[in-house]
Structure formats: C-alpha cells, structure tokens
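Novice: Give me the fold of what follows.
(one chain, ligands or ions: 1)
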Amino acid sequence: MSTYRFKDNFVWGVATSSYQIEGAALEDGRGQSIWDTFCRVPGKVVNGENGDVACDHYHRFEQDLDLMADLGVDAYRFSIAWPRVQPDGRGAFNDKGIAFYDRLVDGLLKRGIQPYATLYHWDLPLALQESQSGWESRDTAYRFADYARRIGSALGDRVASIATHNEPWCTAWLGNATGYFAPGNADLKKAAHVSHHLLLSHGLALQALRADGVKAPLGIVLNQSPAHGATDSPEDQAAASLEYAKFVRWYMDPIFKGEYPEEALQWYGENGPQEVIRAGDFGIIGAPLDFLGINYYTRIFASASGEKRPPGVLGFTDMDWEVYPQGLTELLTGLNAEYKLPPIYITENGCAAKDVLDNGRVHDADRVAFYDLHLAALSDAVEKGVDVAGYFAWSLMDNFEWASGYDKRFGMVYVDYETQQRTLKDSALWYRDMIAKHAGAAASR
Ligand code: FCB
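Specialist: Modelled structure (predicted):
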C-alpha cells in the first residue's frame with residue numbers, strides 16, 4: 001500500500017446520493033422526482049429499472065451508518081432528495097421527509113462521522129418539471145434557494161458542509177442536450193439555459209444560506225476532466241481545448257471569473273445562454289466558495305480528425321471509462337494555476353467493475369488498484385501545491401447507476417438486491433486499513 005502525503009486533518013469519506021440508494025419512493029409523503037418518471041420511459045434505463053427500492057437505505061440507514069463506522073471513515077457525503085422534503089418543489093415542506101435527514105445526521109454525529117450534505121443530486125421535484133419545465137425556468141432557481149434555506153435551518157447547525165449542486169454539467173448536458181438523463185430533452189439551447197439557471201440557483205442558495213447565518217462551509221461539486229486531443233494535430237488540439245471549455249470552464253469561469261468562456265460561447269452561437277442572462281447574475285454566481293468539490297473519473301478525448309482514442313495504458317472500467325490517474329494531477333495543477341481556488345475536496349472518484357460475490361467475499365483487486373493509483377496522483381497534486389482537504393470514494397455501496405440501472409457496480413460494499421444483504425468487498429477492507437494507516441502516521445508526526 002502506498003503512503004500518500006496529505007495534511008494531518010485530511011478527511012477520508014465515502015459518498016452516495018439520494019435517488020441512487022434510498023428507495024421508499026412512495027413513503028412518508030415523498031413527492032415524485034423527474035427520475036421516477038424518466039425510469040418509466042421505455043429504453044431509457046437498462047432493464048427498465050428504477051430507484052423505487054434501490055438499496056432500501058431509507059429503512060436500513062442505521063445499518064449503513066454502522067458499516068461506515070466499521071470502515072473508520074471521517075465523513076459521509078450524501079444528498080437530500082428535494083421531493084422528499086418539499087414534494088411539489090414549492091410551498092409546503094414535508095416534516096416526515098426532513099425528519100429522515102435529521103435522523104441521518106444525528107446518526108452520523110453519534111458515530112463520529114461528519115455529514116457532508118449535497119442539496120441537489122439530480123432528483124428534481126416532478127411538479128417543477130411539469131409546471132414550468134424545471135431548470136429551463138428562472139423561477140426554479142428561486143425555488144431552489146427557498147428549499148436550500150429550509151435545509152439550512154433544519155440541518156445547518158450540524159452538517160460539516162453543504163454543497164449546492166452535484167455535477168451541473170450532467171443535469172444540463174446529459175439531461176437536456178443528449179437526453180441520456182432525466183428529463184430527457186435533446187435540445188442544445190435548453191441545455192444552455194438550464195446551465196445558466198443552475199449556476200444562478202447555486203449563487204442564490206449561497207446568498208440565502210449566508211443571510212440566514214448558516215455557519216457550515218458552502219460550495220459546489222463539479223465533474224471535471226482534462227481534455228486531450230486524439231493526435232498532436234492543431235485540429236485535434238483545438239477540439240480538446242473546446243471540449244475543456246464546454247465541460248470544465250463553462251462552470252469554473254462564471255464562478256471564478258464572472259463570465260462564460262468565449263471559446264464555448266462561440267461554439268454555442270445562437271443556442272447559448274445569452275437570452276436568459278440578466279444584469280447582476282454573474283455577481284450572484286460568483287459568490288465566494290468555502291470549498292470546491294471535484295468529481296474525477298477519467299480524461300476526455302477530443303478528435304477533429306476522426307482518430308479514435310488511443311488504447312488505454314491501464315485499461316478501461318466496466319463503464320468503458322479509461323483508467324487515467326495522472327489526469328487528476330494534471331487537472332488539479334492546471335486549475336490551481338488558472339483560478340484562485342478555495343480548498344478542494346475530491347467528492348467522488350471510483351470505478352465500476354464486474355464484481356462477483358463468492359463465499360462471502362468479493363475480490364475486487366481492480367478497484368483497489370484504481371483507488372491506490374488515484375490517491376497517489378492526488379498526493380502528487382498536493383506536492384505540487386494544490387490545497388486538498390479530503391477525498392470521498394464513490395461509492396459506499398453498489399447502487400442505482402442512473403441510465404445503467406443496477407448493472408454497474410461502483411460500491412466498496414456489495415449489495416445483493418434480492419436480499420438487501422451488504423458484504424464488504426476487498427476494496428472496503430483495503431480502504432479501512434489505508435485510513436487507519438494514515439491516521440496512525442499523522443498521529444505520530
Ligand atoms: C457521477 C455521479 C454519481 C455516480 C457516478 C458514477 O457522475 O455524480 O451519482 O453516478 O458518476
């Protein structure tokens with residue numbers, strides 16, 4: 001096992017999200033989300049699966065908290081299901097829904113695990129989609145700020161951090177430009193409008209939480225990758241630069257520089273966000289962050305020449321994503337050179353593998369190697385001056401992997417969906433040892 005050089009109070013965590021694990025879709029007054037209906041559209045999710053039951057975490061959370069305690073993690077990153085706490089996305093809040101997150105947060109604190117909450121991990125209340133086309137409408141950003149404020153007053157005194165959005169690129173692009181995710185639109189202009197309203201909602205939520213005196217550190221979680229050209233040709237290099245602008249800078253520049261990247265705006269042309277940008281928006285979007293969460297899985301390949309991506313040196317995961325750990329070092333040092341960054345958390349990193357439960361064990365050596373290589377790459381970034389405060393493995397347990405249904409397993413804990421039995425995979429045992437070793441090393445310094 002490698003030794004990584006992180007600060008003494010480095011936070012070791014695991015992550016999940018509401019729709020992917022909770023289940024209890026019709027319980028205790030939960031409203032419907034856009035994913036509940038999207039899953040029912042034929043052909044959208046592998047095997048027509050959905051999150052109705054998922055890992056049944058809503059009923060089994062105490063047991064899942066025990067698992068985390070057993071792993072020795074410092075922190076747990078989870079998301080709050082907006083439709084569970086405010087069924088229509090406006091108006092009345094659902095006390096029973098809020099009570100669930102109350103119990104979850106208290107259960108974490110009781111076990112000495114810090115709660116890292118995310119407000120939006122894609123499960124928009126369906127009512128907002130149906131009444132005003134969801135994030136296409138500017139009003140949804142204001143509804144989000146109201147919801148944020150309610151969560152701030154319910155949990156803000158006990159959580160260790162609040163992130164507004166998880167991966168707005170996925171919400172905007174996969175949900176509205178390609179239609180691969182809910183709500184399933186394939187319209188570039190809608191995607192551009194959605195992305196602007198997501199950013200605006202992030203800024204409005206920070207404003208509201210700060211106005212209410214919430215002390216927990218506030219931030220956002222972005223999915224990022226370095227972009228590489230398939231060849232060294234100027235055309236492929238230009239394509240890579242454009243992909244990076246559309247994927248990474250599209251969210252970083254408004255937050256840290258108060259503008260969209262020109263290169264990407266040009267590419268959007270008439271389909272860009274210009275119609276929905278109002279005076280003062282960038283001032284709201286650019287509110288200072290207490291932290292930035294980055295989800296890292298792989299690098300991006302861009303090709304104008306039609307050349308395919310090169311064969312991966314380290315191979316591909318079960319998602320067909322290239323294993324490319326050095327991309328994490330490259331990404332972080334690049335960001336650090338370009339932006340004035342707050343402390344960074346890696347809020348997700350992990351891989352899907354064809355795990356097999358055999359005699360109570362899952363020998364997921366590939367996943368162990370994946371984590372080890374990425375932590376070494378993260379440690380390299382720290383040595384190169386990036387301020388990294390913590391790392392969250394995706395995921396605590398196998399769960400509903402969106403359009404891939406239950407077919408792709410990302411967990412450190414194996415879930416048998418028939419029995420809901422949880423089994424620690426080898427990677428969980430490794431993670432536990434690794435955390436203990438680093439805590440020991442920090443204590444002896
Ligand atoms: C990220 C998502 C997370 C999970 C992983 C594999 O994009 O935030 O919910 O699906 O990918």
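
Novice: Past the longest helix belonging to the chain, which element shows up next along the chain?
Specialist: Ranked by residue count and defined by DSSP state H, the top helix of the chain is helix 188-211. Beyond helix 188-211 on the C-terminal side, the first helix or strand identified by DSSP states H and E is strand 218-223.

Novice: any idea how far whatever helix or strand comes next after that next one is from the chain center?
Specialist: Following strand 218-223 in sequence order, the next helix or strand is strand 227-229 (DSSP H and E). Offset of strand 227-229 from its chain centre (CA atoms, centre = their mean, to the nearest Å): 22 Å.

Novice: Could you pull out the buried residues of the helix or strand following strand 227-229?
Specialist: From strand 227-229 onward toward the C-terminus, using DSSP H and E, the following helix or strand is helix 234-244. Residues 235-237, 239-244 are the ones in helix 234-244 that count as buried (16 or more other CB atoms under 10 Å). Quick note: C-beta positions are derived from backbone N, CA and C, even for glycine.

Novice: Next: stretch 339-346.
Specialist: Neighbour count says stretch 339-346 has 341-346 buried, by 16+ other CB under 10 Å.

Novice: Same question for stretch 33-41.
Specialist: Buried residues in stretch 33-41, counted by 16+ other CB under 10 Å: 33-39.

Novice: Pull the residues that contact it.
Specialist: For stretch 33-41, the surrounding residues in contact (CB atoms under 8 Å, 6 or more residues apart in numbering) are 19, 25, 44-45, 48-52, 81-83, 122-126, 129, 134, 181-184.

Novice: Give me the buried subset of those.
Specialist: Buried members of the contacts of stretch 33-41, counted by 16+ other CB under 10 Å: 19, 25, 44-45, 49-51, 81-83, 122-126, 129, 134, 181-184.

Novice: on that earlier part again, as TSV, the buried residues of stretch 33-41 with pLDDT would be great.
Specialist: Output for the buried residues of stretch 33-41, formatted as TSV (pLDDT from 0 to 100):
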residue	pLDDT
33	99
34	99
35	99
36	98
37	98
38	98
39	98
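
Novice: give me the subset of the residues you listed touching the ligand.
Specialist: Near the ligand, judged by CB under 6 Å from any ligand atom, there are no entries from the buried residues of stretch 33-41.

Novice: just these now: which is nearest the ligand?
Specialist: The closest of these to the ligand turns out to be residue 35 (CB to the nearest ligand atom; 11.2 Å).

Novice: And the next helix or strand past the helix or strand containing the closest one?
Specialist: Take DSSP H and E as the rule and residue 35 turns out to sit in helix 34-38. Downstream of helix 34-38, the first helix or strand assigned by DSSP H and E is helix 57-71.

Novice: Identify each buried residue in that following helix, please.
Specialist: 57-58, 60-61, 64-65, 67-69, 71.

Novice: Tell me if the strand or helix carrying residue 368 is near the ligand.
Specialist: Taking DSSP H and E as the criterion, residue 368 maps to helix 365-383. No: shown here: helix 365-383 not in contact with the ligand (CB under 6 Å from any ligand atom), separated by at least 12.4 Å.

Novice: Where do the strands of the stretch 1-150 of the chain begin and end?
Specialist: 11-15, 75-79, 114-120 (DSSP state E, counting those that start in this stretch).

Novice: same question, the stretch 301-445 of the chain
Specialist: When assigned using DSSP E, counting those that start in this stretch, the strands of the stretch 301-445 of the chain occupy the ranges 344-348, 388-394, 413-416, 421-424.

Novice: Using CSV, lay out those strands together with mean pLDDT.
Specialist: What follows is these, written out as CSV (pLDDT from 0 to 100):
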stretch, mean pLDDT
strand 344-348, 99
strand 388-394, 98
strand 413-416, 98
strand 421-424, 98
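
Novice: would you turn those strands into JSON lines with distance to the ligand?
Specialist: Shown next, in JSON lines, are those (distance: least, CB to the nearest ligand atom, whole Å):
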{"stretch": "strand 344-348", "distance to the ligand": "6"}
{"stretch": "strand 388-394", "distance to the ligand": "5"}
{"stretch": "strand 413-416", "distance to the ligand": "15"}
{"stretch": "strand 421-424", "distance to the ligand": "19"}
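
Novice: hey, which of those strands is tucked in deepest?
Specialist: Among these, strand 344-348 has the highest mean neighbour count (mean count of other CB atoms under 10 Å), at a mean of 26.

Novice: Packing partners of that strand?
Specialist: Strand 344-348 makes packing contacts with strand 11-15, strand 218-223, strand 291-295, strand 388-394 when contacts are defined by 3 or more CB pairs under 8 Å, 6 or more residues apart in numbering; DSSP states H and E.

Novice: List of residues touching the third one?
Specialist: Read it as strand 291-295. Under the criterion CB under 8 Å, 6+ apart, residues 161, 163, 166-167, 217-224, 331-332, 341-349, 389, 394 lie in contact with strand 291-295.

Novice: Might you enumerate the residues of the chain proximal to the ligand?
Specialist: 17, 20, 166-167, 170, 223, 295, 348, 394, 401-402, 410.

Novice: now do 5 Å
Specialist: By CB under 5 Å from any ligand atom, the residues of the chain that approach the ligand are 17, 167.

Novice: how about low-confidence regions in the chain?
Specialist: Applying pLDDT under 70 to the chain flags residues 1.

Novice: Residue 10: how many residues sit nearby?
Specialist: 18 (other CB atoms under 10 Å).

Novice: cool, residue 326 as well?
Specialist: The number of residues packed near residue 326 is 16, by other CB under 10 Å.

Novice: Show residues contacting the helix holding residue 368.
Specialist: With CB under 8 Å, 6+ apart as the test, helix 365-383 has contacts from 1-2, 4-7, 296, 314, 317, 323, 325-329, 332-333, 336, 346, 349-351, 353, 388, 391, 393, 412, 425-427, 430-431, 434.

Novice: quick check: angle from it to strand 11-15?
Specialist: 140 degrees (axes from the mean of the first three to the mean of the last three CA atoms, to 10 degrees).

Novice: Flag every buried residue along helix 365-383.
Specialist: So helix 365-383, judged by 16+ other CB under 10 Å, has buried residues 366-382.

Novice: go on, stretch 284-291?
Specialist: The neighbour-count check on stretch 284-291 (16+ other CB under 10 Å) flags 284-287, 289, 291 as buried.

Novice: Mind checking which of these land in helices?
Specialist: Those of the buried residues of stretch 284-291 lying in helices (DSSP H): 284-285.

Novice: Nearest to the ligand among the buried residues of stretch 284-291?
Specialist: residue 291 (16.8 Å).
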